[in-house]
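**Q** need a 3D model of the sequence below.
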Amino acid sequence: MKTSSKEKALWLLEQLVPGTGVNNLGLGLQVSGRLRPDALRAALAIVAGRFEVLRTVYRTTGADLVKEVVPADGFAVEIEPLALSGGSLEGDLTAFTDRPFALDGRPLVRVGLAAHPDGDVLCVAVHHLVFDMVSVALFLQAFIPVYDAIAAGRPVPAQATAPAPALAEPEPRPADLAYWRETLEGFRPDGLDLWCGTPRGRQPELAGASAGRALSAGAQQAVVGLQRAVRAPLGAVMLAAYAALLASHGAGPDLVVGSPVNVRGANTGAIGYHVNVVPIRIRVDLGEGFRALARRARDAFLGAMAHADTPVDELTGELPGIGASWQTQLFRHLFNFLPEAPAVELSVDGMAARVVTVENPHSKFDLELVGSPSRAEVVFRYSETLARADVEAMLDRFDALLVAAAQDPDRPLGETAGWSDADRRAVERGNATAAPAAYPTVPEAFRSWVERTPDAPAVVDGEHTVSYRQLDEAAAAVRSLLAGAGVRAGDTVAVAAPRGEAAAAVLGVWRAGAVCLPLDPGHDPSWLTRQLARSRVRAVLTGTGVRLPADGDLPPVLPLAGAPAPGPAAADANGGPAGPACVLHTCGDAGQPVATVLSHAGLAAAVGHFAAELGVGPGTGVPALAAPATFDALFDVFLALGAGGHCVVVPDAARTDGAALRDAAGGHDATVAVVPPGTPARILADLAEQQPGLTVLARGDELSAETAGRLLAAGCRLHRGHGSPETTGWALSGPVDGPDGPTGERPVAHTRAFVAAPDGRELPPGVRGELLLAGTSLALSDPDDPAFPTDARYGRHHRTGELARRRPDGTIERLGRIDRRITTADGPVDLGHVEAVLLGRPGVTAAAALAVPQPDGGHTVVAFAETVDAAGADDLATAVPGRLVRLAGLPRTPDGRPDRDALLALARKAVEQGTDRQEQRTDDPLVRELVGIWRELLTVEATPQTDFFASGGHSLLAAVLAQKIEELTGTSLELGDVFKHPTPTALAALLRA
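**A** Numbers count the residues shown, from 1 in each chain. As a prediction, the model looks like this:
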C-alpha cells in the first residue's frame, strides 16, 4: 500500500534516532479500583476492529516503507505487565511508552497493566504513524463504553462496534502548493538558530523536556488589552509574542514557525495521524512595535490556515535550500495553541478514572510553545540542546514581553523583548564594579610604600636587591636626567632597559610627567626605528648592555648609568589619572606600528584590582615573566610595587623552563605569578610543587583544562582573566575552582561588560553575542575612533570580537573569538582552545592554530607547535582536530608575535599535501566500492574524502546509503554512523573496526 509524504517523514525521524520511541505517543489511565484483563482484551479487539488505522502495520525494505492493514480477525494486542518503580507514575508510563516499535509487520499498539495502591493503571502506547494527540480523546470515547458493557455483561452498543470510515489523505491541491511556494520563496533555514544552549551539530540530538509557568496577573491583563489594541485574536497575539521572543534570542529576522493543525475536516472522529504542521512565515523587525508584528502574525496565521490541508512535506526538496536533512528542515520552532477541550469526569465500569500525562522525552524541534485559550499557562517543550535554565528564563521573558507590549504597543521591540526583571538585576550585579581607588595612579601608590616601608625589597635581581627607598632615589635621578635633556610633561620617552633597571626608568618617566614607550632591544632594528619615529619620541633611556640601531634620525639616547644623583626634592609633573601613562605598539598589516595608549587611571585600576584579588601585599614576590615592550612586563612590576611587594627578575629561559623558573624565583617568596601571553602555563607546575601556596593568574584562552588540573592538584590558587590591546591589559577575571566546566569572570574595577547582538542591541543572560567593554580599563583614543563607538547606556566602549554570554549570577562566560570559531567536518572548533591544549603539552614552547577554508564551505584546522625536541610528536597529533605541523620556531612579526600570514601560507601547503596523499589512496578496495556508491547516490565526481552531506546528501539518501552498504558488506549501520563518518575513507575505517 502506498505511503504518504507525512508517513515517510515520521519514519525518517525514527531512522535518525534508532533505539528510541521518538515517534511514540502514550495514553495513561488510572482507575479507583481493579480492571479485568479479559474485558480489556475483548474491548481492545473490538476498538481495533472498528478503526482500520490501529490495525495498520509497516515494514521497511531498504529505503522503502511499505504498509498494510491486518484483518480484524487476525489482529490481537497482548496486555503486558506494566513495571512500576515505586517512584513517579508519570515516569513509569513514559518509560513504557518510549520503548521503540519494530517496523517489521507487528502491531504498532502496546498495552500495559499494573496494580497500584491507588487503583489499577493502564497504559496504551501507539506509534505516531497511526496516532496523534487528538486520537487520545477519540480512543477513550471509543474504548470506555465497550469496556463498560463487557465488564457489566451487557451487549456492546451497535454504534460502538460499527466500522469507522477511514480518513483518506486528500491529494495536494495545485492552488495550495502554489501558495506555499510563493509564501516560502527565498526562505533560508540557516537563520533559525537560537543564540543560547548548545549549537546544533551534524548528528541530531532529540532528547527533550518541558517547562511551564502560569502567566502573571499582569501578563493575563496584557493579553486581553493587546487583543483590543492590535485588533487581533488571542492566537495571533500569542504567536506574535512568541516570534518576538525567538527573534530576540537570535532566530530570524525571517522566521518560519510550524503550527500543528487538525485536518480531519467533517470526519471529526477519525483516529490516526491526521495533523499537518503548517509553516507560518513572519518577518520580525525589532525596530518596530508589537502592534505591527501582531498584525503581520495575524495575516500569516490566517493565510496558513486557509491552505492547511496540503502537507508541507510535499514541498521538501522543491524549495531552494529546503531539504530532508536535519540541517535544512523548514522550521525548528513550533507554535501549538491547542483548541478548547471540554472538562469531563471519567468513569470506567463505575470507577472514578483520571488521565495520567505521558510525556514524550523527545523533541524534534528546538522550542515549542504549548498553550490554550482557557488556561493562563504557557509550556515550552524544548530540545535538550537548550539548558533548562535558559528555557525557564525565556518563560519569564515571554511574560515580561507581553506586559511591556501592552504598556506601549508601538515601542520598538528591541528595547524590551527578551528581557525580564531578573535579567536586569543580573546585569546590574555583574557590573557593580565601582569602588573607591586607594590611589588614583601607580606612582602615588608606589610613593605611599616608600614612606611606609622604605627599606623593604622592591626589586630582586639575582643577588642584587633594590629597596623602595633606593628605587625611589633612582627614579628621581632619571627624572633629573630627563629634565636636563629638555623632556617636558606630555612628551614620549622610550625605555630600553633590562628588567632589573626598567622599574626605575619607567617611574622616572612618570615623575617627569612624560609618557613611557617600552622597547625590546632584541626586536628587529627596523621595527625599533619605526616605533621611535611613529611615536615622536623625545628621548630614549637605555640600560646596561643595550645597544640601539645606528641611525642618524634617532632621538637623544640617555644611558641610565649617566643619571645624576638626585638633587633637592621637586614636585612631580604628573599629568593626572586621566592622562596617558604609556604607549604600546603592535605590528599592523603593513608592518607599521599600531599604537595603544593606556591611562594612569586604567593602569592603577588594574593593579589595585588584582592586588586585592590575588592577595598581593608587603612581602609578596611577583616574578617578572613577560617579554619586554609589553603591557604584561609593566604589570608584573607594578602589581608588586603598587601593593608593597617585590618584583623578582627571572631570566628569559624561565618563561619556557619550569626548572629555571623554580631556581630563579623559588627562594624569593614569589607566591603570585602572572602568566604572560604565549607562555605555557604548565611551566609553573614545578614552582607550584615547591610552593603549594602559589597564586597564578593566566589568560583564560591560553589555559587548557589539563594545565588547570595540574596547577590545582599542586595546591595552587588559580585565577583566569581576559584582556586585549584595547584594554588596560586585563578587563575580566575570576577564580578557577576546577579544570572542568565554564568559569565565570567579572569585570575588573571600574569596568563594565555587556553582551551584544550584531546590531549592538544588548543581550540578556544566557544568550551568546559579542563581548563589549566600557569603563576605565579602555585604552585612550580619539573621540571619533570607530574602534570605540558610543552606547546610550554604557558610553564609550570597545567591541572585543569575543563570543560570550552572561551567566545568571552576572559573571561573563567567554566562548572564544568569533573569528576563531569555525565549523569542520567533526563539528565546531575553537582555535584558541587548540592552542591552549598544545601549550599544555611537554616540549611545546609556542603554538598557533589556523583554519584553511575548503571548497565545501567547511574548514580544515592546521596547528603549528614550536617544540624543543622531537619527543611526544604522536601525543601532540591527538590534540589537534586536523593537521599538526611541528616547527623549530614559529615565524614571527617584527614585534615578536606569530606571523599569521606566513603561517597561513604554510597551512595551505600542508592541507594541499595532506589532501593529495589521501586522495591518491585509491588502492583500498573497500574505499573504491564506497566511492562508487557515493557517485551513484549523489551524482557527483566523488573521491575518498567527499563529505556525503556537504555534497547534497540528506537523511533519506543516507538511509539508502546504509542499506547499500549492508548489501555490500553484510554490516548493518545505523543512520547516526553515517552522520559521524561522512566520507568513504572514514566509513571504511568504521566498517573495519
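**Q** give me the neighbour count for residue 835.
**A** 26 (other C-beta atoms under 10 Å). Heads up, the C-betas are built off the backbone N, CA and C, glycines and all.
**Q** quick check: phi and psi at it.
**A** With angles defined as degrees, to the nearest 10, residue 835 sits at phi -60, psi -40.
**Q** contacting residues for residue 830?
**A** If you count contacts by C-beta atoms under 8 Å, 6 or more residues apart in numbering, residue 830 has them with 815-816, 820-821.
**Q** pick out the residue nearest the middle of this protein.
**A** With distances taken as C-alpha atoms, centre = their mean, residue 198 lies nearest the centre of the chain, 5.5 Å away.
**Q** quick check: that residue vs residue 387, distance?
**A** With the distance defined as C-beta to C-beta, to the nearest Å, residue 198 ends up 8 Å from residue 387.
**Q** with residue 150 instead?
**A** Using C-beta to C-beta, one gets 49 Å for the distance from residue 150 to residue 387.
**Q** more crowded one of the two?
**A** Legend: neighbour count by other C-beta under 10 Å for residue 150 and residue 387, higher for residue 150 (20 against 14).
**Q** report the contact partners of that one.
**A** The contact partners of residue 150, taken as C-beta under 8 Å, 6+ apart, are 39, 42-43, 156.
**Q** what about the helices in the stretch 651-800 of the chain?
**A** Counting by DSSP state H, counting those that start in this stretch, residue ranges of the helices within the stretch 651-800 of the chain are 658-665, 684-690, 705-713.
**Q** confidence-wise, which of these is weakest overall?
**A** Among these, helix 684-690 has the lowest mean pLDDT, at a mean of 70.
**Q** any stretches of the stretch 101-250 of the chain with poor pLDDT?
**A** Residues of the stretch 101-250 of the chain meeting the criterion pLDDT under 70: 200-205.
**Q** what do you get for the stretch 501-650 of the chain?
**A** Counting by pLDDT under 70, the stretch 501-650 of the chain shows low-confidence ranges at 550-552, 566-575, 590.
**Q** tell me which stretches of it form helices.
**A** Using DSSP H, counting those that start in this stretch, helices in the stretch 501-650 of the chain cover 525-534, 600-614, 631-641.
**Q** redo the ones you listed as TSV? Include distance to residue 498 and mean neighbour count.
**A** Below are the helices of the stretch 501-650 of the chain laid out as TSV (distance: least, C-beta to C-beta, whole Å; neighbours: other C-beta atoms under 10 Å):
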stretch	distance to residue 498	mean neighbour count
helix 525-534	16	18
helix 600-614	21	24
helix 631-641	11	26
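**Q** dump those to a markdown table, plus distance to residue 190.
**A** Formatted as a markdown table, the helices of the stretch 501-650 of the chain follow (distance: least, C-beta to C-beta, whole Å):
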| stretch | distance to residue 190 |
| --- | --- |
| helix 525-534 | 43 |
| helix 600-614 | 41 |
| helix 631-641 | 40 |
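**Q** closest to residue 758 out of these?
**A** helix 600-614 (27.6 Å; C-beta to C-beta).
**Q** can you list the strands that the lengthiest strand in the chain pairs with?
**A** Identified as the longest strand of the chain according to DSSP state E is strand 795-806. Counting by DSSP bridges, the strands paired with strand 795-806 are strand 769-775 (antiparallel), strand 790-791 (antiparallel), strand 812-817 (antiparallel).
**Q** of these, which stretch is the most buried?
**A** Among those, strand 769-775 has the highest mean neighbour count (mean count of other C-beta atoms under 10 Å), at a mean of 24.
**Q** for that one, the averaged confidence score.
**A** The pLDDT scores in strand 769-775 average 93.
**Q** same deal with stretch 296-307?
**A** Mean pLDDT, stretch 296-307: 92.
**Q** that stretch: how far from the chain's middle?
**A** In terms of C-alpha atoms, centre = their mean, to the nearest Å, the centre of stretch 296-307 is set 34 Å apart from its chain centre.
**Q** cool, stretch 368-385 as well?
**A** Centre-to-centre, stretch 368-385 and its host chain are 24 Å apart (C-alpha atoms, centre = their mean).
**Q** would you map the helices across the stretch 301-450 of the chain?
**A** Going by DSSP H, counting those that start in this stretch, the stretch 301-450 of the chain shows helices at 388-407, 421-430, 442-452.
**Q** what's the most buried one of those?
**A** Comparing those by mean neighbour count (mean count of other C-beta under 10 Å), helix 388-407 ranks first with a mean of 22.
**Q** gap between residue 145 and residue 461?
**A** As judged by C-beta to C-beta, residue 145 and residue 461 stand 96 Å apart.
**Q** strands of the stretch 351-500 of the chain, start to end?
**A** For the stretch 351-500 of the chain, the strands defined by DSSP state E, counting those that start in this stretch cover 351-356, 367-372, 375-383, 457-461, 464-467, 492-496.
**Q** my bad, the stretch 651-800 of the chain
**A** All strands of the stretch 651-800 of the chain, identified by DSSP E, counting those that start in this stretch, fall at 672-674, 695-699, 717-722, 732-735, 746-747, 751-756, 769-775, 790-791, 795-806.
**Q** I'd like to know which elements the fourth one is packed against.
**A** Think strand 732-735. Strand 732-735 sits against helix 600-614, strand 717-722, strand 746-747, with contacts defined as 3 or more C-beta pairs under 8 Å, 6 or more residues apart in numbering; DSSP states H and E.
**Q** recalculate using a threshold of 6 Å.
**A** Other elements packing on strand 732-735 under the criterion 3 or more C-beta pairs under 6 Å, 6 or more residues apart in numbering; DSSP states H and E are strand 717-722.
**Q** describe which strands the strand it packs on pairs with in its sheet and in which direction.
**A** The pairing partners recorded for strand 717-722 under DSSP bridges are strand 695-699 (parallel), strand 732-735 (antiparallel).
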